[in-house]
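**Q** quick one: sequence and predicted model below, then my questions.
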Amino acid sequence: MKWLLSASSRLNFLVEKPERERPTSRGIVRVTRRFRLDTALSLCGILACLCGTVQAQGLIWSLPEDGQWVRYEGTYTQVAKQAESGETNLNLNWQRKITLKSVGKETADFRGESVPARWIEIKIETGNVVDNALQTGPGGVQLYKLLIPESVIRGELFDKSIEERPVFIGGIPIIKGNRKSGDLDAISLEGGLFQIYPIVALINHDRDNVVGDETEQVTVPAGTFPSTLIQGEKVTETTGRRSTNIYEVTRSADIPFGVVKWTATTTTEEKGSTDVRSEYKETITIKEEMQAVETGSGAESELGN
């Protein structure tokens, strides 16, 4: 499997191969990948300390009619601490916009078959508000255009086609795509598994998600939607680093792509490689709070095929 976010050295990612399973106080966890991001935004240097695993479908739980879109707005904050003293040495606060658009249909080859597919565009803008406008600066805009087989968007965390042993859905398979980072030229992405976490959103689904049984009316700036709540916590660990991701995702079938709002926090702790776990010290906390502010139709692509 080819991993899209490591497709080009221009993205400056460090992606490590899967490590063995490790026991923790929360049970066995599988450490699969570590990311290092180095763009013009200072926030991205901090993401180098995150440990993350491939996660479920995140923000795309359903495919709306072609041309429909949804925009989320909210905050993205980061606090970095000295491991030795616990003193805060960096406290950053940004505003963030994430826009999802359905921008075309076509029939394409997927796993040896000709299947219906959708072009989905995701735009992430992070920066400061100046004169009522979001100023992102160089590297503050990430834009993806992905050709996704319609059949892979299931609206579930598990593939239940095998009743005896449902399979956790670990990402979004794509046929091809494009990516544009800041002012750089767009690059092509080969088919593989697209990961929402941590670049698009901090939602890092775990197999033990708690899905609410009740439907509640949830109101956000985009409207009021009958919704259910998904909650979860994922812990990944290497010899000297532990990362804990806690999230709440509010889902609704009545909003394009299926997510009304979410809150997610990733906390990174570090220790010496030979120290016991009680020596872990918090070094970085990143928090994202987003809600749908507007939906519409008539979406157009910002990237070519």
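**A** Structure received.
**Q** in stretch 71-82, which residues are buried?
**A** 71-74, 76-81 (16 or more other C-beta atoms under 10 Å). Where C-beta positions appear, they are placed from N, C-alpha and C, glycine not excepted.
**Q** out of these, who's nearest residue 193?
**A** Taking C-beta to C-beta as the measure, residue 193 lies nearest residue 72 of those, at 22.9 Å.
**Q** and the closest one, what pLDDT?
**A** The predicted local distance difference test score for residue 72 is 98.
**Q** what packs against whichever strand or helix holds it?
**A** Per DSSP states H and E, residue 72 falls inside strand 69-81. In terms of contacts (3 or more C-beta pairs under 8 Å, 6 or more residues apart in numbering; DSSP states H and E), strand 69-81 is packed against helix 43-46, strand 88-110, strand 281-296.
**Q** direction included, what does the second one pair against?
**A** When you say that, I think you mean strand 88-110. Based on DSSP bridges, the strands next to strand 88-110 in the sheet, each with its direction, are strand 69-81 (antiparallel), strand 113-130 (antiparallel).
**Q** give the rounded mean pLDDT of it.
**A** In this model, strand 88-110 has a mean pLDDT of 94.
**Q** just want the angle from it to strand 281-296.
**A** For the pair strand 88-110 and strand 281-296, the angle between their directions (axes from the mean of the first three to the mean of the last three C-alpha atoms, to 10 degrees) equals 50 degrees.
**Q** just checking, residue 262 touches residue 246?
**A** No. Look at residue 262 against residue 246 with C-beta atoms under 8 Å: they stay out of range, at 11.3 Å.
**Q** which one's more surrounded, those two?
**A** Under the neighbour definition other C-beta atoms under 10 Å, residue 262 and residue 246 were set side by side, and residue 262 has more, 23 against 18.
**Q** would CSV of the buried residues of stretch 71-82 with distance to residue 171 be doable?
**A** Shown next, in CSV, are the buried residues of stretch 71-82 (distance: C-beta to C-beta, whole Å):
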residue, distance to residue 171
71, 23
72, 20
73, 25
74, 23
76, 22
77, 26
78, 25
79, 29
80, 28
81, 31
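**Q** which one of these is nearest to residue 173?
**A** Within the set of the buried residues of stretch 71-82, residue 72 lies nearest residue 173; the separation is 23.5 Å, counting by C-beta to C-beta.
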